[in-house]
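Asker: compute the structure for the input listed below.
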Amino acid sequence: MHRTRSAHSSRTAVAVSLALLIAACGGGDSTTGDSTPEAAVATDGEAGTSEPPAVTEPPATEAPAATEAPVVSEGQIEADVVVDESTPTEGGTLRYAIEADVDGLNPTTSALSAPGLTMGNAVFDTLAAFDTDGNAVPWLAESFEPVDGDLSRWRVVVRDGVMFHDGTTLDASAVQANFDAQLASPLVGLALRPFFPAEGATSVIDERTIEFAMLEPNATFPALLTSQLGMVASPQWLAAAGDDPTLNQRPVGTGPFAFDSRSQDSVTRFVRNDIWWGGDVYLDAVEFLPVTDPATRTDLLVRGEVDALHTTSPADVADLRDDDSIQNVIDETGEEQFLLLNTAVPPFDDIRARQALALATPLQVYRDLIGLGVARGADQMFIPESVFYNPAVAQVGDDPAAAAALAAEYCADNPDNCSNGKIDVQHQYVGGSVLTTREADILTEGWGGAFNVDREELLQDEHIQQVVFGQYQSAIFRQFGNLDPSANRHLLMCRTVGEGLSLNFPRYCSEARDALILDAQASTDPAARAAGWQAVSQEIAESFTYIFLLHTIWDNAFGESVRGVCDRTSPDGVPLACVVNGRNWFDSVWIDG
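Answerer: Modelled structure (predicted):
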């Protein structure tokens, strides 16, 4: 038995997490809080907006047949865990402190952010999983491949002999039932309907084979199957939950653990599935406890009252790394923390107000006092190590004089949206911790020379709902956790802006951006993909719809007796990723003693 610290490139294709898609909100730590068809948005021609400079489209490339999504290196995952080569011990309950609870555990209807996906990993299996190099490899699926080399059509074959916890059998029709339910969902379907045909999105070929059809070629489709879209629930349970929504709290999947009990905002418990198709499961049970304050979560782990946690709090990450009794898996590969600005309503329907808020933002103070030298400052969706990073893009800020001048200009034209020569603005964030309040304090103090700020502190679920429905002006959030940026398309494109629900949270439409995204998604040429996304980053910076603050650093931390965290392998013997954006898996975990 020995302890190792390893770092490897997390080269991942498209980790679509519908949680991060819908609710990549900055939950309880350094918050970051994660549709209807036709969009009503602030367009270039509306008053108070300005047309961003044109961006150059990279040449389209013909996508060759592929069975794997292109990989991309962004950042490092560092695992400092005990490697124990002794025979795993059965028994024990792993108690896991998560940053927040979720509204339900139904992968076809619930907004599963990192805590929900972590719990989902216990009870559901996904069709694909990421290996340690970021390739999407078969998991619950036996294989996946494009149909006759057409990247807009993919064929998936599921494994034989897999049973749901209710005794029913996994087959292609079960996969289709899950996809149809996701497509029909008012919330989850927002991330899917814009990219699939209204009719014929799936076809069952035989008992174990299903084909997916998309509106455009997608070279990275298999990686979409590694998260919520790839979770497969019992169709019998889905039908029952449709009639009785309370069953959304009692999930039924094929996973290594089966549902036992749930008290929302208290404890959710899963027990070992003794007939799991994937082999031996060692733990008797896994219990999840939502603890919104990161310092409290850390204290519980250090005192041994829980066995594991996840956190994005830089202060707590530093403390946990300094504690020799704690095992840490550090992941900097995913999300960014930023401010969202709603361009569909005043004052941020006017680019001058958006620019003024960016200029007034105290970036250096915020990054020093919140990032603490642990979480790095962010200028865009990508860290500098990423092939998609655009070195020409820098987040503006720390210029209160320029902000005041723009605010005065705006107020001269829009006096009803101002008081005492300053722009009136409402800012919302997730409450429940000292850290999130401190973040809001730093921001509102910095904005004070140009803005009158009305603060609103909300619970995480309510914060997400307000943003999705456009009932906000400025909000702090955490998103873009999909390492292949094509999986972030629903957050950025015109087709996902809605009059009511919207996954394009700033509600900003740019057809030039859409063209760049679709070309990059269809291409298997790394240079073309990189050029396209660098142009997207430039366009985002020039539209002033996001104010980037920090790159999120996740720590999945474990007590000293926990083993097997990074020992997962696929049925084909491929080593699998330990963590992805704050969530880990439990089928290989055991407790020593």
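
Asker: select the longest helix from the protein.
Answerer: Secondary structure of the chain per DSSP state H: the longest helix is helix 526-543.

Asker: which stretches in the stretch 151-300 of the chain count as helices?
Answerer: 172-184, 221-224, 235-243, 294-302 (DSSP state H, counting those that start in this stretch).

Asker: sheet-wise, list the partners of the next helix-or-strand element following the last one with their directions.
Answerer: Right, helix 294-302. Scanning forward in sequence from helix 294-302 by DSSP states H and E, the next helix or strand is strand 308-311. Taking DSSP bridges as the criterion, strand 308-311 forms sheet pairs with strand 93-98 (parallel), strand 554-558 (antiparallel).

Asker: comparing those, which comes out most buried?
Answerer: strand 554-558 (a mean of 27; mean count of other Cβ atoms under 10 Å). Using the backbone N, CA and C atoms, a C-beta is placed for each residue, glycine as well.

Asker: what's next to that one, contact-wise?
Answerer: Contact with strand 554-558 is made by 81, 114, 298, 301, 307-312, 316-317, 320-321, 326-332, 334, 565, 578-579, 581-584, as judged by Cβ atoms under 8 Å, 6 or more residues apart in numbering.

Asker: report the mean per-residue pLDDT for the helix or strand just after it.
Answerer: Sequence order places strand 562-563 as the next helix or strand after strand 554-558, per DSSP H and E. Average pLDDT, strand 562-563: 97.

Asker: show residues contacting strand 562-563.
Answerer: With contacts defined as Cβ under 8 Å, 6+ apart, strand 562-563 is touched by 82, 84, 88, 94, 307-308, 327, 589-592.

Asker: check the offset of it from the chain's centre.
Answerer: Computed by Cα atoms, centre = their mean, to the nearest Å, the chain-centroid distance of strand 562-563 equals 26 Å.

Asker: after that strand, next one along is what?
Answerer: Counting by DSSP H and E, the next helix or strand C-terminal to strand 562-563 is strand 579-580.

Asker: neighbouring strands for the very next helix or strand once past that next one, and are they parallel or not?
Answerer: Moving toward the C-terminus from strand 579-580, the next helix or strand (DSSP H and E) is strand 583-584. Looking at strand 583-584 with DSSP bridges, its partner strands are strand 579-580 (antiparallel).

Asker: rounded mean pLDDT for the strand it pairs with, please.
Answerer: On average, the pLDDT along strand 579-580 is 91.

Asker: just stretch 496-509 next, same as before
Answerer: 92.

Asker: how long is it from one end to the other?
Answerer: 9 Å (Cα to Cα, to the nearest Å).

Asker: so which bits of that stretch are buried?
Answerer: For stretch 496-509, burial by neighbour count (16 or more other Cβ atoms under 10 Å) applies to 496-498, 501-509.

Asker: what's the closest of those to G449?
Answerer: Using Cβ to Cβ, P506 comes nearest to G449 of the buried residues of stretch 496-509, at 24.0 Å.

Asker: nearest spatial neighbour of the closest one, skipping sequence neighbours?
Answerer: Excluding the flanking residues, the one nearest P506 by Cβ to Cβ, 6 or more residues apart in numbering is T545, at 3.8 Å.

Asker: tell me the helices and strands packed up against whatever helix or strand comes next after the longest helix of the chain.
Answerer: Counting by DSSP H and E, the element after helix 526-543 in chain order, helix or strand, is strand 546-551. With contacts defined as 3 or more Cβ pairs under 8 Å, 6 or more residues apart in numbering; DSSP states H and E, strand 546-551 has these neighbours: strand 336-341, helix 363-366.

Asker: if we can go back for a sec, of the contacts of strand 562-563, buried ones?
Answerer: 82, 84, 88, 94, 307-308, 327, 589-591.

Asker: one step back: and the strands paired with strand 308-311: which comes nearest A412?
Answerer: Comparing those by their distance to A412 (Cβ to Cβ), the top pick is strand 554-558, with 44.9 Å.

Asker: helices and strands of this protein: which one has the lowest mean pLDDT?
Answerer: helix 18-23 (a mean of 36; mean pLDDT, DSSP states H and E).

Asker: buried deepest among the helices and strands packed on strand 546-551, which one?
Answerer: The most buried one of these (mean count of other Cβ under 10 Å) is strand 336-341, showing a mean of 24.

Asker: centre of the chain to the next helix or strand after that strand, how far?
Answerer: Remark: after strand 336-341, the chain's next helix or strand is helix 351-360, criterion DSSP H and E. Relative to the centre of its chain, helix 351-360 is centred 27 Å away, using Cα atoms, centre = their mean.

Asker: do stretch 563-572 as well
Answerer: 23 Å.

Asker: kindly report the same for stretch 200-217.
Answerer: Centroid displacement of stretch 200-217 relative to its chain, using Cα atoms, centre = their mean, is 25 Å.

Asker: which one of the strands paired with strand 308-311 lies nearest to F130?
Answerer: strand 554-558 (14.7 Å).

Asker: okay, the angle between the closest one and helix 294-302?
Answerer: 30 degrees (axes from the mean of the first three to the mean of the last three Cα atoms, to 10 degrees).

Asker: what about strand 554-558, average pLDDT?
Answerer: 97.

Asker: same question for stretch 427-437.
Answerer: Model confidence over stretch 427-437, given as mean pLDDT, is 90.

Asker: for that stretch, output the C-alpha coordinates as PDB.
Answerer: C-alpha atoms of stretch 427-437 as PDB (Å, rounded to 0.1, in the frame of the first residue of the first chain):
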ATOM      1  CA  HIS A 427     -27.600  41.400  -8.700                       C
ATOM      2  CA  GLN A 428     -28.500  37.900  -7.500                       C
ATOM      3  CA  TYR A 429     -26.400  35.100  -6.100                       C
ATOM      4  CA  VAL A 430     -26.600  31.900  -4.100                       C
ATOM      5  CA  GLY A 431     -26.800  32.400  -0.400                       C
ATOM      6  CA  GLY A 432     -26.100  30.000   2.400                       C
ATOM      7  CA  SER A 433     -22.300  30.600   3.000                       C
ATOM      8  CA  VAL A 434     -19.900  33.200   4.200                       C
ATOM      9  CA  LEU A 435     -18.000  32.900   1.000                       C
ATOM     10  CA  THR A 436     -20.800  33.800  -1.400                       C
ATOM     11  CA  THR A 437     -21.700  36.800   0.800                       C
END
